[in-house]
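Novice: pasting the structure only:
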């Protein structure tokens, strides 16, 4: 009970520190963690990538064997209080849940990894164990990128455990968990259209940049990426369809879309997430145009979130965009570029994670996956470091309702799930690191 209370209290305290990004202000939260660790006799340091954007690092020395980085981020997305049942930065503990922004993404993982780290400080370790709580993941990972560029020796390890996977789905044939071993490529881009101004009362005298942008939006709305048979996404989706009793045998490209539509009917969250894993998506997310109510707009800007499965490169994405907008007038600029990344599954850490999960959930199935979003793991995979997204959580009830809490309203985590995550990860880390 003591560990549970301490873990809940740690998470609640972290949620109460508003690290909405922008602006982040992560240094306040990392200072709190530094004091928390110091009370347990553990030294740590805060390295700011810019003023107020603190990254916490601590290391427990081992005996020269493989090292492990417990990675998490402390920043969160913003929250609109009027849409929440409880204040989003209250950290309220109510009805068996810890409420607030970051409860799932990902201050619960911060609390779990920090707790585990603190509990092995007096143990004999095979290799170094590193704790890193970083800034700015929600806006592109400036914290991790800064550390890898300026303080690489302090953060690089042989293996990484981070967010991104671990969700357990209760299917008709039992529990199916995923471990994120790969990530889709992230290519955010902006397109610009230009026109010429005129008085709004005589639009024919000008050229309307918003009207030109509408043509690009029409193309985007008609874009439908084809399903890609690329692992690990395909294996995970195939397993999901079989365990949901929607497929009896191996799934082919010819029928996968129809099967996923049936999955959408069962659980919209599961179905849409599975579809996104397997194909290119292009989502218009922001638009800006015009300077005054009575002036024909002479410029318009559209931001698009493009995600691609493994096997795509920037050249391939550029070609695809060019074909999509062929014949239209526009300029384009990429504002974030990250090609797909993947890690092997035949490693001692993967085996330790798998064995810990099976011990805690007998009969469960664990499959590698490519999750729909991006994480800081991609920067380590690019260095050839096996990086696994695994925060074990049991999704009970609708996955649609669950997934909408992440970056959505009324985010919360059950104390039962928080303790489950701690227990499974602690056993996995212990099996991998303890002598």
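Specialist: Right, received. Where do you want to start? Just so we're clear, the structure is a prediction, and the values are computed from it rather than from any experiment.

Novice: Show the average pLDDT along the strand or helix carrying residue 111.
Specialist: Using DSSP states H and E, residue 111 sits in helix 107-119. In this model, helix 107-119 carries a mean pLDDT of 98.

Novice: One more: stretch 284-292?
Specialist: Regarding stretch 284-292, the rounded mean pLDDT is 97.

Novice: related to what we said a few turns ago, to the chain's geometric centre, what's the distance from the helix holding residue 111?
Specialist: 18 Å (C-alpha atoms, centre = their mean, to the nearest Å).

Novice: From the contact counts, what lies against that helix?
Specialist: helix 2-16, helix 26-38, strand 65-73, strand 127-134, helix 415-433 (3 or more C-beta pairs under 8 Å, 6 or more residues apart in numbering; DSSP states H and E). Backbone N, C-alpha and C define where each C-beta goes, glycine included.

Novice: what sits against residue 411?
Specialist: 79, 88, 99, 100, 101, 102, 103, 104, 105, 405 (C-beta atoms under 8 Å, 6 or more residues apart in numbering).

Novice: if we go to 6 Å?
Specialist: 101, 103, 104, 405 (C-beta atoms under 6 Å, 6 or more residues apart in numbering).

Novice: same check, this time on residue 133
Specialist: For residue 133, the contacting residues are 56, 72, 74, 110, by C-beta under 6 Å, 6+ apart.

Novice: For stretch 259-272, give the mean pLDDT please.
Specialist: Stretch 259-272 shows a mean pLDDT of 96.

Novice: Stretch 57-70 too?
Specialist: 97.

Novice: residues in contact with it?
Specialist: Against stretch 57-70 from outside (C-beta under 6 Å, 6+ apart): 42, 44-45, 113, 117, 121, 125-132, 154, 157-161, 433.

Novice: Just the buried subset of the residues you listed, please.
Specialist: Burial by neighbour count, 16 or more other C-beta atoms under 10 Å: within the contacts of stretch 57-70 this picks out 42, 44, 113, 117, 125-132, 154, 157-161, 433.

Novice: Out of the contacts of residue 133, which comes closest to residue 231?
Specialist: residue 72 (26.9 Å; C-beta to C-beta).

Novice: Is the closest one bridged to anything, and to what?
Specialist: Beta bridges link residue 72 to residue 133, judged by DSSP bridges.

Novice: Hmm, residue 403 is touching residue 268, no?
Specialist: No. Checked against C-beta atoms under 6 Å, the pair residue 403 and residue 268 is beyond contact range at 9.3 Å.

Novice: Of the two, which one has the most company?
Specialist: residue 403 (20 against 16; other C-beta atoms under 10 Å).

Novice: Helix or strand for that one, just tell me which one.
Specialist: helix 399-405.

Novice: Enumerate the positions of that helix that are buried.
Specialist: By neighbour count with 16+ other C-beta under 10 Å, helix 399-405 contains the buried residues 399, 400, 402, 403.

Novice: Take the residues you listed and lay them out in a markdown table including pLDDT and distance to residue 33.
Specialist: Converted to a markdown table, the buried residues of helix 399-405 look like this (pLDDT from 0 to 100; distance: C-beta to C-beta, whole Å):
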| residue | pLDDT | distance to residue 33 |
| --- | --- | --- |
| 399 | 96 | 31 |
| 400 | 95 | 33 |
| 402 | 95 | 27 |
| 403 | 93 | 28 |
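
Novice: From the residues you listed, pick the one nearest residue 429.
Specialist: Using C-beta to C-beta, the buried residues of helix 399-405 come closest to residue 429 at residue 402, 25.3 Å.

Novice: Next one: that closest one from residue 4, what distance?
Specialist: Residue 402 is 22 Å from residue 4, where distance means C-beta to C-beta, to the nearest Å.

Novice: Any idea how many residues pack against residue 330?
Specialist: Residue 330 has 17 neighbours, counted by other C-beta under 10 Å.

Novice: Please disregard the earlier target; I meant residue 300.
Specialist: Residue 300 has 23 nearby residues by other C-beta under 10 Å.

Novice: Let me see the backbone angles for the residue lying closest to it once chain neighbours are set aside.
Specialist: Nearest residue to residue 300 in three dimensions, chain neighbours excluded: residue 289, at 3.3 Å (C-beta to C-beta, 6 or more residues apart in numbering). Backbone torsions of residue 289, given as degrees, to the nearest 10, read phi -170, psi 150.

Novice: how's this protein carved up into domains?
Specialist: 2-165+373-433, 182-338 (automatic domain parsing).

Novice: gap between the two ends of the last one?
Specialist: It refers to domain 182-338. For domain 182-338, the first-to-last residue distance is 12 Å (C-alpha to C-alpha, to the nearest Å).

Novice: Could you tell me the end-to-end distance of stretch 260-274?
Specialist: Stretch 260-274: ends 7 Å apart by C-alpha to C-alpha.

Novice: typo on my end, stretch 325-333
Specialist: 14 Å.

Novice: cool, stretch 285-293 as well?
Specialist: Start-to-end, stretch 285-293 (C-alpha to C-alpha) is 23 Å.
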